[in-house]
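Colleague: Can you look at this prediction? I've put the sequence above it.
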Amino acid sequence: MTRLRRLLQAFQILTEAAGKWTWVWLGLLLWQGLLPVGTVYLTKTLVDGLVVALPLGTQGISLLIWPVTGMASLLLLGELGQSALGWVRAYQAERVRDYISLLIHRQSTRLDLAFYETPNYHDQLHQARGEASQRSLALLESWGQLFQNGMSFLSMFVVLSTYALWLPLLLLIGTLPAFYVLLVFNRQHYRWWKETTPERRWTEYYDLMLTQKVVAAEVRIFDLGEHFTTIYQSIRKTLRQQRLRLLRNQSLGRLGASALGLGVSGAAMAWMFWRSLQGLASLGDLALFYQAFNRGQTLMRSLLGSLSEIHQSGLFLENLFTFLQLEPQLQDPKSPKPMPSKLERGIEVEGVYFRYPGSQSWALENLDLFLPAGKFTAIIGDNGAGKSTLIKLLCRFYQPERGRILLDQSKLEEFSVEELRSMITVLFQWPVNYQATVTENIAMGDLKSPIEETRVRAAAVMAGAEETINRLHQRYDTLLGTAFVKGTDLSGGEWQRIALARAFYRQAPIILLDEPTSALDPWAELEWVSRFRKVSEGKTSLLITHRLNLARHADLIYVMRNGQIVESGSHNELLASSGSYAHSWKAQLQQQPIAI
Ligand SMILES: Nc1ncnc2c1ncn2[C@@H]1O[C@H](COP(=O)(O)OP(=O)(O)OP(=O)(O)O)[C@@H](O)[C@H]1O
């Protein structure tokens, strides 16, 4: 029942994708489906006409004019129908492929970030994406064939039942073993395909390691090419052997089933010859029977073949539907609170505990902190202290397991996720280098409104990216990245400035920056921080950094360790308290006299 519902769902997707062309397609299939019975009848008329006309010599020609003209017209119309069907199918195929990609892409961006943390999600995505459009098209094709061949078979069924009712049944029985073999193989193949998803994803991973620019330099210097190739080939070998074994078993099964089918048609033909020898059937009857039985058998085979294809495609499409039905866990409340346009009090994090999905250890453990509205706060801390995790929670990519985060005294989950995120601009620790022009790279910070050149330039100035941009051959119109023709690459620090400009382009009241200067030199860093103070005036900003030189400019500094705040205060207060901040500050002074 579920399977039937799934098949109807798949059909619905296909009609949504192809629109009115689905009906044109069905009309053409009906037409093509009815053609064979017409041909069979005309063959009988022609043969019977020939039997009468031949003894009359040339005078008998008039008896043959209609059957011959009819036959020629049918053949011509058949060809026309076939060409039209080919075109409509190609059109549908394109639409269906794009529509399914659209569904998958929309769903991928709708789901929580947490989904990306689990291998299960990647398997599901791989399964949904890998075969979805291919299988939907196969389903479309199979339905078409089922419909067309079903029509033809029904008409042949009527023709054959005029000789004996058991003949069509014999056709059915002769094809059943082959159908059974197909069903069994479909299941085996699907099970194998699903179970080996992780292996196939590993091969994709090694393929990327061998072909992508980001890893090309390391692969060469550490001579990893042969290592990755060997692993790739070894996984592929196992997969290949398993699949070939499945195919070999299927071929053997199919061979046995076909032999049985041949036996059945031989018996039916023998019966008909016997009848004609007894004078119970004319020559035309014999020709009609031969054609009808022969075609009937082919039709029956492809009919059952289509059913088996539908069964198989249904199995594969199950993954697409499972994926499309995944629901984000972070849902908007029924009636979200209106978002304040400006923060009055600030953001409070109270007793927050958080573990990443599947992880046993706390990334944040009883975290308490306050980001005052309109102030510049900095967090410093060891690697793995939980600083980036805090940013992810503030953006509501995840939900704390315990504790709460308040924005102007309302819990984050009381707001709509989209509205909350539009209040925040973020520079992540590893920003994305988009293969797009400089303007687009910056304007991607806020594509909700049309791109404004003046805003783009202002953001570039704020991020200290203008000098770099002015050096580029087409300035703001230069395509960044080298994956496409005419693209230009930037240095790590230059890319970071572009990403920062993107963050500034979005004029949001909350600014979260995760190590924004990690790729900048110390001189640029100091210049950057004084500019940032001006840019962020009146905004609630949080800076995560390992550089005490930057943190010291903040109104409030937190020191984080093992998911907790261990020290807090202004630069001077922290120095006076002689804790780990003061200790690190002194150590840094001794090591980096130039940077201060
Ligand atoms: N996606 C993840 N899944 C599981 N654990 C994670 C994930 N991301 C981070 N962690 C773990 O959570 C803890 C906090 O990580 P986080 O990235 O917040 O540290 P951080 O303070 O930003 O470190 P760094 O200074 O190195 O950037 C670490 O122990 C880390 O191993």
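Modeller: On my side now, so go ahead. Residues are numbered from 1 along each chain as shown.

Colleague: show me what contacts Arg502?
Modeller: Leu427, Pro431, Asn441, Ile442, Ala443, Met444, Gly445, Ala459 (CB atoms under 8 Å, 6 or more residues apart in numbering). Any C-beta I mention is one placed from the backbone N, CA and C, and that applies to glycine too.

Colleague: Name the nearest of those relative to Asn366.
Modeller: Proximity of those to Asn366, judged by CB to CB, is greatest for Leu427, which lies at 27.4 Å.

Colleague: wouldn't that closest one be in contact with Ala499 here?
Modeller: Yes - here Leu427 reaches Ala499: they are 5.9 Å apart, a contact under CB atoms under 8 Å.

Colleague: From Leu14, how far off is Tyr99?
Modeller: If you measure Tyr99 against Leu14 using CB to CB, to the nearest Å, the figure is 9 Å.

Colleague: Comparing those two, which shows the higher neighbour count?
Modeller: Neighbours were tallied for Tyr99 and for Leu14 using other CB atoms under 10 Å; the higher tally belongs to Leu14 (21 against 17).

Colleague: Wait, that one touches Leu140, no?
Modeller: Yes - taking CB under 8 Å as the contact criterion, Leu14 and Leu140 are neighbours in contact, 5.4 Å apart.

Colleague: Find residues that contact each of these two.
Modeller: The contact sets of Leu14 and Leu140 overlap at Gln92, Val96 (CB under 8 Å, 6+ apart).

Colleague: one step back: in strands only, show me the contacts of Arg502.
Modeller: Those of the contacts of Arg502 mapping onto strands are Leu427, per DSSP state E.

Colleague: Which of the contacts of Arg502 sits closest to Pro509?
Modeller: Nearest to Pro509 out of these is Gly445 (CB to CB; 14.4 Å).

Colleague: pretty sure the closest one contacts Tyr505?
Modeller: Yes - counting by CB under 8 Å, Gly445 does reach Tyr505; the two are 3.6 Å apart.

Colleague: So which of those two has more stuff around it?
Modeller: Set side by side, Gly445 and Tyr505 show more neighbours around Tyr505, with 25 against 22, by other CB under 10 Å.

Colleague: residue contacts, the more buried one?
Modeller: By CB under 8 Å, 6+ apart, the residues touching Tyr505 are Ile442, Ala443, Met444, Gly445, Asp446, Arg455, Val456, Ala459.

Colleague: measure it to Ser518 for me?
Modeller: 20 Å.

Colleague: Show me which residues of this protein are close to the ligand?
Modeller: 117, 356, 359, 363, 381, 383-389, 429 (CB under 6 Å from any ligand atom).

Colleague: could you flag which of the residues you listed are buried?
Modeller: By neighbour count, with 16 or more other CB atoms under 10 Å, those hold Ala363, Gly381, Ala385, Gly386, Lys387, Ser388, Thr389 as buried.

Colleague: and the longest helix anywhere in the chain, how far from the chain's centre?
Modeller: Longest helix in the chain by number of residues, with DSSP state H as the criterion: helix 225-277. Distance of helix 225-277 from the chain centroid (CA atoms, centre = their mean, to the nearest Å) equals 32 Å.

Colleague: Do I have it right that Lys375 meets Leu556?
Modeller: Yes - counting by CB under 8 Å, Lys375 sits close enough to Leu556 to count as a contact (6.3 Å).

Colleague: Could you list the domains of this protein?
Modeller: Domain ranges of the chain: 2-324, 342-423+509-596, 431-507, per automatic domain parsing.

Colleague: Ser416 touches Lys334, doesn't it?
Modeller: No - between Ser416 and Lys334 there is no contact, the gap being 10.8 Å when judged by CB under 8 Å.

Colleague: Name the residue in these two with the higher neighbour count.
Modeller: Ranked by neighbour count (other CB under 10 Å), Ser416 and Lys334 place Ser416 first, with 16 against 5.

Colleague: give the contact list for the closest residue to that one other than its chain neighbours.
Modeller: For Ser416, ignoring the flanking residues on the chain, the nearest one in space by CB to CB, 6 or more residues apart in numbering is Pro336 at 4.0 Å. By CB under 8 Å, 6+ apart, Pro336 lies in contact with Glu414, Phe415, Ser416, Glu419.

Colleague: which of those residues lies closest to Thr58?
Modeller: Sorting the contacts of Pro336 by how near they are to Thr58, with CB to CB, puts Ser416 at the top with 87.7 Å.

Colleague: returning to that earlier point: can you lay out the contacts of Arg502 as TSV showing distance to Gly314 and pLDDT?
Modeller: Compiled in TSV, the contacts of Arg502 are given as follows (distance: CB to CB, whole Å; pLDDT from 0 to 100):
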residue	distance to Gly314	pLDDT
Leu427	46	89
Pro431	42	86
Asn441	43	95
Ile442	47	95
Ala443	44	94
Met444	40	92
Gly445	44	92
Ala459	50	93
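
Colleague: Any quick ChimeraX command for the buried ones out of the contacts of Arg502?
Modeller: To isolate the buried members of the contacts of Arg502 in ChimeraX, using 16+ other CB under 10 Å:
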select :427,431,441,442,443,444,445,459
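
Colleague: Check the residues of the chain next to the ligand and tell me the two furthest apart.
Modeller: Glu117 and Gly381 (22.0 Å).

Colleague: Low-confidence ranges, the stretch 101-250 of the chain, go.
Modeller: Across the stretch 101-250 of the chain, the stretches falling below the confidence threshold (pLDDT under 70) are 131, 133.

Colleague: 90 instead?
Modeller: Within the stretch 101-250 of the chain, the stretches falling below the threshold (pLDDT under 90) are 101, 103-105, 107-187, 189-190, 193-194, 197, 211-225, 250.

Colleague: Now do the contacts for the closest residue to the ligand within the stretch 401-550 of the chain.
Modeller: Among the residues of the stretch 401-550 of the chain, Gln429 lies closest to the ligand, at 5.7 Å counting by CB to the nearest ligand atom. Each residue near Gln429 by CB under 8 Å, 6+ apart is listed here: Ser388, Asp514, Glu515, Ser518, Ile544.

Colleague: What helix or strand is Ala554 located in?
Modeller: Using DSSP states H and E, Ala554 falls within no helix or strand.

Colleague: Where does pLDDT dip in the stretch 351-500 of the chain?
Modeller: For the stretch 351-500 of the chain, applying pLDDT under 90 flags the ranges 357-359, 382, 409, 418, 422, 427-432, 447-449, 462-464, 481-487, 492-493.

Colleague: Now do the helices in it.
Modeller: The residue ranges that make up the helices of the stretch 351-500 of the chain, judged by DSSP state H, counting those that start in this stretch, are 387-394, 417-422, 438-443, 453-462, 466-471, 492-505.

Colleague: Can you give the distance of stretch 368-384 from its chain's centre?
Modeller: Using CA atoms, centre = their mean, the offset of stretch 368-384 from its chain centre is 37 Å.

Colleague: shouldn't Ala93 be in contact with Leu137?
Modeller: Yes - taking contact to mean CB under 8 Å, the distance of 5.2 Å between Ala93 and Leu137 places them in contact.

Colleague: got any residues that touch both of Gly445 and Tyr505?
Modeller: Contact with both Gly445 and Tyr505 is made by residues Ala459, according to CB under 8 Å, 6+ apart.

Colleague: Show the contacting residues for whatever residue of the stretch 1-150 of the chain ends up closest to the ligand.
Modeller: Using CB to the nearest ligand atom, the closest approach of the stretch 1-150 of the chain to the ligand is made by Glu117 at 5.0 Å. Under the criterion of CB under 8 Å, 6+ apart, the contact partners of Glu117 comprise Tyr356, Pro357, Gly358.

Colleague: Which two among the contacts of Tyr505 are spaced furthest apart?
Modeller: Checked with CB to CB, these reach their widest spread between Met444 and Arg455, with 12.5 Å between them.

Colleague: which ones are touching the residue nearest to Phe397 when sequence neighbours are not counted?
Modeller: Once flanking residues are discounted, Phe397 sits nearest to Leu113: 4.1 Å by CB to CB, 6+ apart. The neighbourhood of Leu113, defined by CB under 8 Å, 6+ apart, consists of Lys392, Phe397, Tyr398.
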